[in-house]
Each structure stands twice: as C-alpha cells, then as structure tokens.
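Q: The following block contains a protein sequence and its predicted model.
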Amino acid sequence: METESHEVIYERGATQDSAETQEENKALLKEINQLCKRQDRRKPEVIFLLGGAGVGKSAMVNTLGKVIRGKYYPKAKTGSGNAKSKTLTLQWYAHCGVEDFELQPGVLVNFSVLPNVLDAPGNDNPNANELREILEMVFEGCIPVGTSFDYLRAALKRVKASGSELSFTSSEELKVTKVVFVVSCTKDFPMQMVECLNEVLNSYDDKTGRQKYNIDVLVVITKYDLVDGQERFRTDRRQEQITKEEYLEFKNKVAKNFSIEGAMQDNCIEWVSYVDGYSEDNPFIDNIALKFLRQIMRPDRSKHKMENDPSSIAVPSRHEVEQRQMSGKELTEDNHLYKQYILIGLVFACALIAGTYKLVSKPASK
C-alpha cells in the first residue's frame, strides 16, 4: 500500500552505538519470546492499521516480518512516496505475515501468538459517516478478508438509498483488539479521521452504558528518517525533509488530539521502515520494530472486557422507556379515578352521618 521512498538509504556503520543496539535487539527478541510463552497469552492480538494513503502502513507490515524472520521478504504491496494506495482490499497478515518455516532457529518458540495484522486501503478524504460505519464493521469482525473497499463504499450507498441494512457475519477471529493509527510526519495531520475514530471508540451500549469497543490505540509516526538531523538514517530526499521544529509541532498535534500528553513514550512510536531496494540490515530500524512488538504484546496494554458484570448499569432501551412511560400514565390515571371514588364516598358518608344526627336529635312528638 504505502511506503517510504526507494531513495532512502540507511547507515550501517559498525560503530559502538550500533553494536550496543544489536545487543539490545537480542535482548528484545528474548523478551518477546517470553511474552509469547505467557500462559495468559492464548490467542494473538488483532491489530488494525488505520491511516491515510502513502503513510507507510504496508511498509510497516514488511518491516515487522523482517525483524521476526531475520531477512527482508516483502509480502505487502507498497507504493512509492506519495503514490496512490496499492492496497485495495482488506488484507490479513497472520502472525505479522510470518510462517513457521521462515523463523530464525530457536528465536521464537510460540510464534503462533504473534499479532495478526489487518491492513486496509488508505483514504485521505473519507466521508465521515461512511468511515464510521466501516470502522464499526471492521472492529466487529464483520468484513471478510479480501473485501474491496470500493465495493464496500458502493454497497453502503446502495443500502442507504434503499433504506435497508448491509449484513455481514461477525467473525471472532477478525475482531479488532488494537488500533495502530499510522501518520506520516511529512503529510497533513488527518484530523477528520481521528475524530471519526474517537467517535466510534467512545460509543456505548444502550443497555449497559459501557463502551461498545474494548480497543486500545497506539500511534505510529512514520518517515521519521526525514526529520532533519537524524544521523542514523541518511537520506537523499533533501526536498522532502522537515525541520526539527516542524516535527515537534506535528508531534505535539498528535499528543493533543490523542490525549496522550505526558504519555507519548508509552503510546507513540517514531518509525522508519525497510523498503524494496534498500533493505540491508540496520540495527536501528530493527530496534524500532522490536520495541513496537514488545509494546503491542505487553499484558498491561490489554483491555479486558467484563462480561456479565453485576455492577453494570442497566440502562433501559427506548422501547422499555416508552413502555414504562405508558404504564406510569395508566397508573396516574387509575390513581386519579381512585381518589375521585374516595371523595364521593366521603361526601356520602358525611351526608349520612348528618342525616342520622338530625333524626336522633329531633325532639319526640307529644
């Protein structure tokens, strides 16, 4: 789909800094291996890559695969620079696109719990209502892998015009557990997309009052190598470089719009990808990808949905509210009628008592 340009060249200098990073990478692999073997890690996370066209989502998939298998073998189609998205359908990369026979010997024992990745076409000018509907269907695992997003958008328009509903069967395997929001520091900040995502994630169930989607969000800022002064990532794309000041302004915008000020280290990663033509080993790129994997798989990042929680707030549905209002109205009318009967009874009783008293108190005739 998207990619860093083929013109990017990465330094491989056998410096002390590089050697230390290589040692850190070995330790990171061991830590990821331990996370894979945790008893509470019974099934893989499902990560949904969300972002505009050309931000580098598919290049991320290929880079993750490289650090796991130890060699660069691209499986996700990538474009070039700001080219139109190469991904046209919903793509599924089981275990980051790595198969067991591709693994480095003795590196990952239980690789089957490595994250599964969903990659979708990028769209820089999405229709807000349409995007919200698509996000809900993706999060609920309702869009089959391989579905064309052009078809999906056309289908949504047809059903809206006819007043019917688009129906897909939900798949437990495809239900999203984490969203990785991918933004490029060289492109405009996708404000509308962020707003749509927040609206969907903040939606709640009418009956329980709980959020519908128990999904964690991690932000990835791609093309970090194009920030001026990055000595570890040399580039010939001088015309596309941005200054440190421009980058810090963009980074602050990310922190503000995702409400992660003061917590950027745990919720945002500065990313550089391997690309076709420039895929020689770079320990600094490996380090970024391995830290991303560790962060995604950390147990403290998981959100556990509370099923049948007795403390859940029971919020009545609209139908139930109407029924209760109707019952209340009927009860009010019954009470009013009952009071009328009591009043009539009291008047009758008073009249009877007065009449009796008058008869008793009347003098006897001679």
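A: Sure, I can see it.
Q: Could you look up the SS state of Lys256?
A: What DSSP: H, G, I helix; E, B strand; the rest coil gives for Lys256 is helix.
Q: okay, now it: neighbour count?
A: Residues near Lys256, counting by other Cβ atoms under 10 Å, number 11. From N, CA and C alone the C-beta is placed, and that goes for glycine too.
Q: Buried residues in the helix or strand hosting Phe284, which are they?
A: In this assignment (DSSP states H and E), Phe284 forms part of helix 283-297. Residues of helix 283-297 classed as buried: 283-293, 296-297 (neighbour count, 16 or more other Cβ atoms under 10 Å).
Q: Stretch 135-147 now?
A: In stretch 135-147, counting by 16+ other Cβ under 10 Å, buried: Leu135, Met137, Val138, Phe139, Glu140, Gly141, Cys142, Ile143, Thr147.
Q: any chance of the residues you listed in a markdown table, with secondary structure, distance to Lys57 and pLDDT too?
A: Below are the buried residues of stretch 135-147 laid out as a markdown table (DSSP: H, G, I helix; E, B strand; the rest coil; distance: Cβ to Cβ, whole Å; pLDDT from 0 to 100):
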| residue | secondary structure | distance to Lys57 | pLDDT |
| --- | --- | --- | --- |
| Leu135 | helix | 15 | 94 |
| Met137 | helix | 19 | 93 |
| Val138 | helix | 14 | 95 |
| Phe139 | helix | 17 | 96 |
| Glu140 | coil | 21 | 94 |
| Gly141 | coil | 19 | 95 |
| Cys142 | coil | 21 | 93 |
| Ile143 | coil | 16 | 93 |
| Thr147 | coil | 17 | 92 |
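Q: quick one: pLDDT of Leu35?
A: pLDDT recorded at Leu35 is 91.
Q: Hmm, it is touching Gln295, no?
A: No - contact between Leu35 and Gln295 fails when scored by Cβ atoms under 8 Å: they sit 10.4 Å apart.
Q: mind listing what's buried in stretch 88-103?
A: Within stretch 88-103, the residues that count as buried by 16+ other Cβ under 10 Å are Thr89, Leu90, Gln91, Trp92, Tyr93, His95, Cys96, Gly97, Val98, Leu103.
Q: Report the separation between the last one and Phe111.
A: Think Leu103. According to Cβ to Cβ, to the nearest Å, Leu103 and Phe111 sit 6 Å apart.
Q: same question, the first one
A: Between Thr89 and Phe111 the distance, using Cβ to Cβ, works out to 26 Å.
Q: do Asn287 as well
A: Distance of Asn287 to Phe111, given as Cβ to Cβ: 20 Å.
Q: still on that earlier bit, who are the packing partners of the helix holding Phe284?
A: With contacts taken as 3 or more Cβ pairs under 8 Å, 6 or more residues apart in numbering; DSSP states H and E, helix 283-297 sits against helix 16-36, helix 57-69, strand 216-222, strand 268-270.
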